[in-house]
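Student: Just the structure for this:
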Amino acid sequence: MPQDSTLLVLAQSLEQPRVVKRIIEKAKDYDKIEVFGFKREIHEVNNFGILENYENVKLNIVGTMANYKYMKRLANYFRLIIAIYSKYGFKSKNLYVFGLDIRMVSTLVANSKIDYEISDIMWLYKSPLQKSFLRRIDTNLAKWSNSVIFTSKGFYDSHYKMFVKPENAIIKENKFKTYDKVSPILDIKKDKIRIAYIGAFRYSTIIERLLQVVRENKNLVLNFYGDGFKTIVEEMKKNASENENIFFHGAFKNPDDLENIYAENNVNFVVYKNTLENEKVAMPNKFYESGFFNIPIVAAVNTYVGQRVLDQNMGWTIDIDYNSISKFLNNLQMDNIIKHHENIKRLDKSLFESK
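Tutor: Prediction:
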């Protein structure tokens with residue numbers, strides 16, 4: 001156990017299962033964990049409620065984050081800094097921070113040793129000028145951190161290897177944490193091809209193409225679980241109201257609801273935008289969920305996760321254009337789905353499950 005056995009955790013979104021899981025892991029290593037974090041206007045299902053079960057974890061809700069409301073975000077970060085200094089002042093502190101925004105804010109916390117977790121490289125989405133500027137900030141902050149935790153080896157190899165020494169880089173894949181609430185699915189539904197789109201809805205063009213394919217083939221069933229930007233959600237709900245084979249289920253609790261979700265489906269659609277640099281090297285948690293629940297997965301070609309799917313014989317890779325999605329789904333046979341389902345069942349669950 002560290003000599004100063006108090007850890008301050010700073011998190012932009014307490015709704016993220018990965019954040020909750022990491023806090024619980026750290027609770028085993030420290031006498032006291034004090035969390036300063038934010039709720040979100042979307043994905044509000046109280047995933048962090050489980051932290052109440054850990055006596056050495058104290059949770060401080062600093063505020064609520066909203067997309068694109070940058071003045072409110074700055075005010076929230078100001079409150080965060082005030083909250084830390086009002087309790088811990090200038091004495092030595094151990095910090096664990098999630099994401100670039102919080103890592104930048106953490107530079108204002110004096111006399112602190114900082115561990116920095118990276119699960120997405122947000123500057124890869126920016127314009128060339130913004131990307132260059134933020135890349136320089138991020139890689140320097142990573143270099144100055146006590147350790148950097150990457151949820152994908154692809155992140156480190158592609159963008160940080162020159163800046164973070166190997167001994168300071170930790171690869172910690174975002175494996176699935178069950179909390180003993182869910183179990184693998186040993187027998188999938190075989191009546192129809194049932195497609196699950198689970199999580200945050202980011203890629204509107206791909207979703208629109210998927211919707212079109214399913215609208216045109218009534219033998220396919222499409223289920224949406226999660227939340228996202230208002231325009232995408234409204235389009236999903238509209239299609240669900242107009243088509244008997246499309247369903248929108250809304251936000252869910254992780255992991256509590258996931259066994260029932262995966263049991264209703266036999267294909268996990270994880271085809272993300274492979275023209276984006278972040279998506280090329282990311283490892284989405286859906287890979288680990290599919291592996292745990294034994295549900296075949298389709299991912300995008302030319303991505304790190306897609307190669308992992310093929311290496312483990314867990315499913316398929318396709319491109320993101322309409323023709324590729326249509327050709328794949330309209331030619332997919334149940335025998336092929338069952339074959340991959342049976343193969344996933346034989347894989348070691350330690351590949352997917354966080355203990």
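Student: residues touching residue 186, list them.
Tutor: Listed by Cβ atoms under 8 Å, 6 or more residues apart in numbering, the contact partners of residue 186 are 294, 345. Backbone N, C-alpha and C define where each C-beta goes, glycine included.
Student: Need the three-state assignment for it.
Tutor: Using DSSP: H, G, I helix; E, B strand; the rest coil, the three-state assignment for residue 186 comes out as coil.
Student: what are the ranges of the helices in the stretch 101-250 of the chain?
Tutor: Across the stretch 101-250 of the chain, reading from the start of the chain, the helices by DSSP state H, counting those that start in this stretch fall at 128-144, 153-155, 204-216, 230-242.
Student: Out of the ones you listed, which is the most enclosed?
Tutor: With neighbours taken as mean count of other Cβ atoms under 10 Å, those reach their highest mean count in helix 153-155, at a mean of 20.
Student: Name the residues that touch it?
Tutor: 118, 121, 171, 280-283, 304.
Student: Tell me the spacing between residue 205 and residue 271.
Tutor: Distance check for residue 205 against residue 271: by Cβ to Cβ, to the nearest Å, it reads 11 Å.
Student: what touches both of the two?
Tutor: Between them, residue 205 and residue 271 share the contacting residues residue 320, judged by Cβ under 8 Å, 6+ apart.
Student: Can you list phi and psi of residue 179 for me?
Tutor: Backbone geometry at residue 179, expressed as degrees, to the nearest 10, gives phi 50, psi 30.
Student: which one is it nearest to, not counting chain neighbours?
Tutor: Of all residues beyond its chain neighbours, the one nearest residue 179 is residue 255 (6.1 Å), with distances taken as Cβ to Cβ, 6 or more residues apart in numbering.
Student: Pretty sure that neighbour sits against residue 17.
Tutor: Yes. Counting by Cβ atoms under 8 Å, residue 255 touches residue 17, with 7.3 Å between them.
Student: Common neighbours of the two, please.
Tutor: Here residue 255 and residue 17 share the contacting residues residue 177, scored by Cβ under 8 Å, 6+ apart.
Student: Low-confidence bits of this structure, can you list those?
Tutor: Scanning the chain for pLDDT under 70 picks out the ranges 1-4, 42-45, 67-70.
Student: go again using 90 as the cut-off
Tutor: For the chain, applying pLDDT under 90 flags the ranges 1-4, 15, 39-50, 64-73, 200, 228-230, 355.
Student: quick one, domains of it?
Tutor: According to automatic domain parsing, the chain is divided into the following domains: 6-171, 193-351.
Student: Please identify the most buried of those.
Tutor: Across the domains of the chain, averaging neighbours per residue (mean count of other Cβ under 10 Å) puts domain 193-351 on top, at a mean of 19.
Student: how would you label residue 95: helix, strand or coil?
Tutor: Reducing the assignment to helix, strand or coil with three-state DSSP, the entry for residue 95 is strand.
Student: which residues does it bridge with?
Tutor: On the basis of DSSP bridges, residue 95 is bridged to residue 8, residue 114.
Student: Name all residues that make contact with it.
Tutor: With contacts defined as Cβ under 8 Å, 6+ apart, the neighbours of residue 95 are 7-10, 106, 109, 112-115.
Student: quick revisit: for residue 180, find the nearest of the domains of the chain.
Tutor: domain 193-351 (9.5 Å; Cβ to Cβ).
Student: State the distance spanning the first to the last residue of that closest one.
Tutor: The separation between the terminal residues of domain 193-351, taken as Cα to Cα, to the nearest Å, is 26 Å.
Student: re earlier: just put the helices of the stretch 101-250 of the chain in a markdown table and tack on distance to residue 260.
Tutor: Written out in a markdown table, the entries for the helices of the stretch 101-250 of the chain read as follows (distance: least, Cβ to Cβ, whole Å):
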| stretch | distance to residue 260 |
| --- | --- |
| helix 128-144 | 39 |
| helix 153-155 | 31 |
| helix 204-216 | 21 |
| helix 230-242 | 18 |
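Student: Go through those and name the closest to residue 86.
Tutor: In terms of Cβ to Cβ, the element of these nearest to residue 86 is helix 128-144, at 24.5 Å.
Student: mind checking how far the closest one is from the chain centre?
Tutor: Relative to its chain's centre, helix 128-144 lies at 22 Å (Cα atoms, centre = their mean, to the nearest Å).
Student: what's the answer for stretch 116-130, then?
Tutor: 15 Å.
Student: Stretch 190-210 too?
Tutor: Using Cα atoms, centre = their mean, the mean C-alpha position of stretch 190-210 is found 16 Å from that of the whole chain.
Student: picking that back up, which residues touch the residue nearest to residue 179?
Tutor: Applying Cβ under 8 Å, 6+ apart, one finds that residue 255 lies in contact with 17, 176-179, 181-182.
Student: go again using 7 Å as the cut-off
Tutor: By Cβ atoms under 7 Å, 6 or more residues apart in numbering, the residues touching residue 255 are 177-179, 181-182.
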